[in-house]
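# missing the sequence, but the structure's below:
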């Protein structure tokens with residue numbers, strides 16, 4: 001158990017180091033987006049777009065590091081919301097006490113964002129009544145035709161590529177893609193229409 005705690009502590013320290021590398025304005029914008037997600041005003045934060053923007057700003061962080069610091073900030077705001085009544089000053093003091101690695105700029109952003117929007121976060125009691133499954137943000141499909149293959153004898157058959165963007169319970173938007181045959185897609189489409197009809201009656 002002690003080994004797990006030290007790994008978690010090391011992961012948190014690494015997240016703080018990643019946060020300190022971020023441009024202050026971009027970090028503030030992401031904190032605002034996380035707050036909007038926690039207030040149930042948006043389905044999530046597009047971390048793929050965030051990674052591109054960081055790269056354009058000259059910040060070199062891998063996908064895992066981006067995901068870690070994003071989840072760390074989400075967790076900080078969620079836990080602070082669970083302790084209703086935590087002031088921005090108290091939150092920043094607790095964070096500074098938890099690690100000496102926090103930069104003054106990062107703590108200023110957290111203080112400002114929490115002070116402005118912390119009271120608007122959905123409370124833990126409300127969150128219990130919400131589903132903790134991913135939310136579909138976008139669905140795209142494309143019809144294609146297989147014209148060559150090393151392993152298949154019969155070619156020239158159509159297929160459908162589906163691309164889904166889903167916000168997971170932490171608010172991170174992830175992208176998933178898969179292929180279907182045309183009959184599979186027709187069945188999928190039929191089930192979606194049936195689902196829509198049921199939802200209209202609710």
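Looks like it came in fine. Values in this document were obtained by computation on a predicted structure and should not be read as measured data.

# contacts and neighbour counts: CA atoms only from here.
Fine.

# Next, the contact list for residue 142, please.
For residue 142, the contact set (CA atoms under 8 Å, 6 or more residues apart in numbering) comprises 160-162.

# and it, that one's in a helix?
No: under the criterion used here (DSSP: H, G, I helix; E, B strand; the rest coil), residue 142 is strand, not part of a helix.

# Mind listing the residues bridging to it?
residue 161 (DSSP bridges).

# Ok, residue 45 next?
Counting by DSSP bridges, the residues bridging with residue 45 are residue 172.

# can you pull the contacts of it?
For residue 45, the contacting residues are 30, 33-34, 37, 167, 171-173, by CA under 8 Å, 6+ apart.

# Check it and give its pLDDT.
At residue 45, the pLDDT value in this model is 78.

# Compute the number of surrounding residues for residue 88.
Each residue near residue 88 was counted by other CA atoms under 10 Å, and the total is 20.

# Flag the helix or strand of the chain with the lowest per-element mean pLDDT.
Per-element confidence for the chain was summarised using mean pLDDT, DSSP states H and E. The lowest value among helices and strands belongs to helix 124-127, with a mean of 48.

# would you list every one of the strands in this structure?
In chain order, the chain shows strands spanning 135-145, 158-167, 173-181, with DSSP state E as the criterion.

# looking at these, which is buried most?
Relative to the other members of the strands of the chain, strand 158-167 carries the highest mean neighbour count by mean count of other CA atoms under 10 Å, namely a mean of 18.

# which intervals of the protein have sub-threshold pLDDT?
In the predicted model, the chain carries pLDDT under 70 at residues 1-10, 84, 122-134, 148-155, 169-171, 198-202.
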